[in-house]
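A.B. asks: All I have is the shape, not the residue letters:
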């Protein structure tokens, strides 16, 4: 390869590696893959790209047993190797499942190292099912807060939400396919945007401008359309993408990155119509970065991917004046809706209430994965 | 000039602190019946999901209610009854057993007192304090009896439903009342109070389950053969219904509350999907339309799930009480079915949902009360507290007058 990889896809932990393995066959050639896990067996098992086992000394290759502290130490122990892997990457897409040990503990460390290596870090984090109990949910929430502070963009994929996407008779693998399609769409769109041959190329630095900064909520939506009016159809599908509809998710953003990809028949009018529909739905008044791409393999299909962030970096709180009331140590670190408040609405911030291992403050329809009628 | 308290008929003051509202009632006891003197209702502050989160705010709110009712009654309150509900209060069955010492096996008053004392000697779990003992059947040689004194048997068992509260919570509540220069007379279990207001003696005698779904918690109590058999609480209430709607429809809490009251239902029907409803109805600027099916789907899921939690909790407690034979929630145990009280009993088709989930007939319990605005299921608790307070604490006996009364008094044991 004559140039350094611009996009590095990192699968972290069991869930992350599994997703990366499913995604790998459909990825553009210039996306490099790195699988990071504490479990020696999973790393050695092979799969796409390079494998990196972390925490040999701490876990002896046995996994973390759901202990985030161990996951964090494991990642730190391989700091040098991770830094080496991130060198030269313009964009690191981190895929992980929160709630367990490796994902919740190591993800913030990996994101920090990648950011320090100069890469823009976009993380996709799977949140556990409500049925997985108090401990995993708490660990996931803590991991999400820590990861949100280190990664430039953080998109949550709720497992509960995945179940709502498929009919009740569908096999479980199908619901995970929905998540794969979302993340895969994002990767293809980003890979194409950075390619010198794209119709409207985008610089990685510009993308970082869209993502604002660590700690601001990230919007991501993905939609597909086909046949006549495919572009508009895809834009509308993105508008109703469950990721953007997750309770409490960002609905309007100031800066947007919109990628429209289609077959040779897609006209510029189609593409701009789609972008218009996306902007109508999501905003993007300040900046809208466009990326259009023609791919003969698409046929009459059109894919629309949307990425954005609403808020500029939260300014560090001014130092309290002498004699001013000290800030309560229990206050959240930053003021936007955390993952927790998104799902729990007005109960966000209150202690979770568990019955039969489920946080009953989360709406029943989300926990039971009931798809609501449209409208 | 302020009249002296002791020259007046005794006052009974009850305060029901809920997650949503705090209600105070003051009644005057005349001939064994309470006549309402004043009442006050205010929005509760500082309580989330039945748990106190901001004591100062709550105290201010209770203080305002007390001031209101005192002004209405024209007298300062010396003591109050406080309601107790939610997960802070937990109940369990305690037992006192003695073998009857008399040679002929006749039970004396002292034997009964001994059995009661042995039941009450059982220490509550660490960190919890006993609040209430509620009488359950007395059992003489495995036979439930009303009053065992004078009957013969070998083994006397007295049973109580004991309610305990964790000590920090208890201190907090006692401190709150004492901080207003009043005495806390006693606690009243909110679900029991609601039952006092809406369940007839015949229903309690036959067997009835009362489900009091308030804003923050859902309390239930089961009566069997006139006594309390068990009680419990689920930390889910009407606020959860509102929150679910607010998350699902992406509207504010206030809008969700309004939509809940107007359009939500405990049962989802396919026909709801064909109805489009408007938030304000004027179709003007800012009006929003929603599919009624979405609303009823979200509300029915939550409501029926909560009923299911109640069902499992009741069965769990029954299993502890009767470990040998599995009990079922059916017409045999509960011939009088289910009574619904609390704000969420107003939800459309609530009784039908009970039939669906518990398989028992249900009705909404509306308290009979002299003030019309209190004749709603959400006031069953506070109205019943009045009744419970009277039955629980009979008025000080007046000096009997007349010859017959004196005679009766002489022979009273």
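C.D. replies: Received it, and whenever you're ready, just let me know what you need. Quick caveat, the model's predicted, so the values are computed rather than measured.
A.B. asks: Which stretches in the stretch 101-250 of chain B count as helices?
C.D. replies: Secondary structure of the stretch 101-250 of chain B (DSSP state H, counting those that start in this stretch): helices at B:109-120, B:167-178, B:190-198, B:201-206, B:238-249.
A.B. asks: The helix or strand hosting residue B:81 to helix B:167-178, inter-axis angle?
C.D. replies: Under the criterion DSSP states H and E, the helix or strand holding residue B:81 is strand B:79-84. Per axes from the mean of the first three to the mean of the last three C-alpha atoms, to 10 degrees, the angle that strand B:79-84 makes with helix B:167-178 is 150 degrees.
A.B. asks: and chain B, which residues reach chain A?
C.D. replies: By the rule C-beta under 8 Å from any C-beta of the partner chain, the part of chain B lying against chain A is B:48-49, B:53, B:234-236, B:239-240, B:242-244, B:246-248, B:250, B:253, B:273, B:276, B:289-291, B:293-294, B:297-298, B:301-302, B:305, B:309, B:312. C-betas here are computed from N, CA, C, even on glycine.
A.B. asks: Weed out the non-buried ones from those.
C.D. replies: B:48-49, B:234-236, B:239-240, B:242-244, B:246-248, B:273, B:290-291, B:293-294, B:297-298, B:301-302, B:305, B:309 (16 or more other C-beta atoms under 10 Å in any protein chain shown).
A.B. asks: Going by residue numbers, what spans are strands in the stretch 51-200 of chain A?
C.D. replies: A:91-97, A:120-127, A:153-158 (DSSP state E, counting those that start in this stretch).
A.B. asks: worst average pLDDT in those strands?
C.D. replies: When the strands of the stretch 51-200 of chain A are ranked by mean pLDDT, strand A:153-158 comes last with a mean of 83.
A.B. asks: Parallel or antiparallel, which strands does that strand pair with?
C.D. replies: Here strand A:153-158 is paired, per DSSP bridges, with strand A:120-127 (parallel).
A.B. asks: roughly how far out does the partner strand sit from the chain middle?
C.D. replies: When C-alpha coordinates are averaged (C-alpha atoms, centre = their mean, to the nearest Å), strand A:120-127 and its chain have centres 3 Å apart.
A.B. asks: would you list the helices of the stretch 101-250 of chain B in a markdown table and tack on mean pLDDT?
C.D. replies: Listed next are the helices of the stretch 101-250 of chain B as a markdown table, based on pLDDT from 0 to 100:
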| stretch | mean pLDDT |
| --- | --- |
| helix B:109-120 | 91 |
| helix B:167-178 | 84 |
| helix B:190-198 | 92 |
| helix B:201-206 | 90 |
| helix B:238-249 | 91 |
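A.B. asks: Can you tell me which of those helices is packed in deepest?
C.D. replies: Greatest average neighbour count among those goes to helix B:190-198 (a mean of 29), per mean count of other C-beta atoms under 10 Å in any protein chain shown.
A.B. asks: Break chain A down into its domains, please.
C.D. replies: A:7-151, A:205-309 (automatic domain parsing).
A.B. asks: looking at these, which is buried most?
C.D. replies: domain A:7-151 (a mean of 22).
A.B. asks: Looking at the stretch 101-250 of chain B, which residue is nearest chain A?
C.D. replies: Nearest residue of the stretch 101-250 of chain B to chain A (C-beta to the nearest C-beta) works out as residue B:244 at 3.8 Å.
A.B. asks: Next up, the contacts around the nearest residue to that residue once chain neighbours are set aside.
C.D. replies: Setting aside the residues directly before and after it, residue B:244 is nearest to residue A:363 in space (C-beta to C-beta, 6 or more residues apart in numbering or on different chains), at 3.8 Å. Listed by C-beta atoms under 8 Å, 6 or more residues apart in numbering or on different chains, the contact set of residue A:363 reads A:247, A:343, A:345, B:240, B:243-244, B:247-248, B:298, B:302.
A.B. asks: Give me every residue in the stretch 251-375 of chain A lying close to chain B.
C.D. replies: For the stretch 251-375 of chain A, the residues in contact with chain B (C-beta under 8 Å from any C-beta) are A:251, A:343-347, A:350, A:353, A:355-356, A:360-361, A:363-366, A:368, A:370, A:372-375.
A.B. asks: Those residues in helices, which ones?
C.D. replies: Residues from these lying in helices, with DSSP state H as the criterion: A:343-344, A:364-366.
A.B. asks: farthest-separated two in those residues?
C.D. replies: Using C-beta to C-beta, those span at most 13.5 Å, a distance reached by A:344 and A:365.
A.B. asks: just to revisit the earlier point, ok, which of the strands of the stretch 51-200 of chain A comes nearest residue A:207?
C.D. replies: Closest to residue A:207 of the strands of the stretch 51-200 of chain A is strand A:120-127 (C-beta to C-beta; 5.8 Å).
A.B. asks: by how many degrees do that closest one and strand A:91-97 diverge?
C.D. replies: 10 degrees.
A.B. asks: centroid residue for chain A?
C.D. replies: Compute the mean C-alpha point of chain A, and by C-alpha atoms, centre = their mean the closest residue is residue A:124, 2.1 Å away.
A.B. asks: That residue bridge partners, please.
C.D. replies: residue A:95, residue A:155.
A.B. asks: ok so, going back, any idea which of the domains of chain A has the lowest pLDDT on average?
C.D. replies: domain A:205-309 (a mean of 79).
A.B. asks: nearest residue to residue B:295 other than its sequence neighbours?
C.D. replies: Residue B:295 sits nearest to residue B:263 (C-beta to C-beta, 6+ apart), 5.0 Å away.
A.B. asks: Please determine how far the one you found is located from residue A:346.
C.D. replies: Counting by C-beta to C-beta, to the nearest Å, the gap from residue B:263 to residue A:346 is 20 Å.
A.B. asks: so where do the helices sit in the stretch 151-300 of chain A?
C.D. replies: A:159-165, A:172-194, A:204-210, A:230-239, A:242-245, A:268-282.
A.B. asks: still on that earlier bit, just to check, the residue of the stretch 101-250 of chain B closest to chain A is in contact with residue B:303?
C.D. replies: No - at 9.7 Å, residue B:244 does not count as touching residue B:303 under the criterion of C-beta atoms under 8 Å.
A.B. asks: can I see the domain layout of chain B?
C.D. replies: Using automatic domain parsing, chain B is parsed into the domains B:89-166, B:198-367.
A.B. asks: So which of those is nearest residue A:40?
C.D. replies: Of all the domains of chain B, domain B:198-367 sits nearest to residue A:40, with 41.7 Å by C-beta to C-beta.
A.B. asks: what's the span of the closest one, first residue to last?
C.D. replies: Domain B:198-367 has an end-to-end distance of 5 Å (C-alpha to C-alpha, to the nearest Å).
A.B. asks: same deal with stretch B:268-281?
C.D. replies: Taking C-alpha to C-alpha, stretch B:268-281 runs 22 Å from one end to the other.
A.B. asks: Next, the contact list for residue B:172, please.
C.D. replies: B:52, B:55.
A.B. asks: distance of it from residue B:52?
C.D. replies: Separation of residue B:172 from residue B:52 (C-beta to C-beta): 6 Å.
A.B. asks: Kindly report the same for residue B:389.
C.D. replies: 23 Å.
A.B. asks: Going by how many neighbours each has, rank these two and give me the top one.
C.D. replies: residue B:389 (23 against 20; other C-beta atoms under 10 Å in any protein chain shown).
A.B. asks: re earlier: distance-wise, check the residue nearest to residue B:244 relative to residue B:299.
C.D. replies: Going from residue A:363 to residue B:299 by C-beta to C-beta gives 10 Å.
A.B. asks: what touches both of these two?
C.D. replies: residue B:244.
A.B. asks: Name the nearest residue to residue A:206, sequence neighbours excluded.
C.D. replies: With C-beta to C-beta, 6+ apart as the criterion, residue A:206 has its nearest non-adjacent residue at 5.9 Å, and that residue is residue A:289.
A.B. asks: how about the residue nearest to residue B:214 when sequence neighbours are not counted, what does it touch?
C.D. replies: Spatial nearest neighbour of residue B:214, excluding adjacent residues (C-beta to C-beta, 6+ apart): residue B:342 at 4.5 Å. For residue B:342, the contact set (C-beta under 8 Å, 6+ apart) comprises B:194, B:211-214, B:218, B:237-238, B:377-378, B:380-381.
A.B. asks: Does residue B:251 fall in a helix, a strand, or a coil region?
C.D. replies: Taking DSSP: H, G, I helix; E, B strand; the rest coil as the rule, one finds residue B:251 in the coil state.
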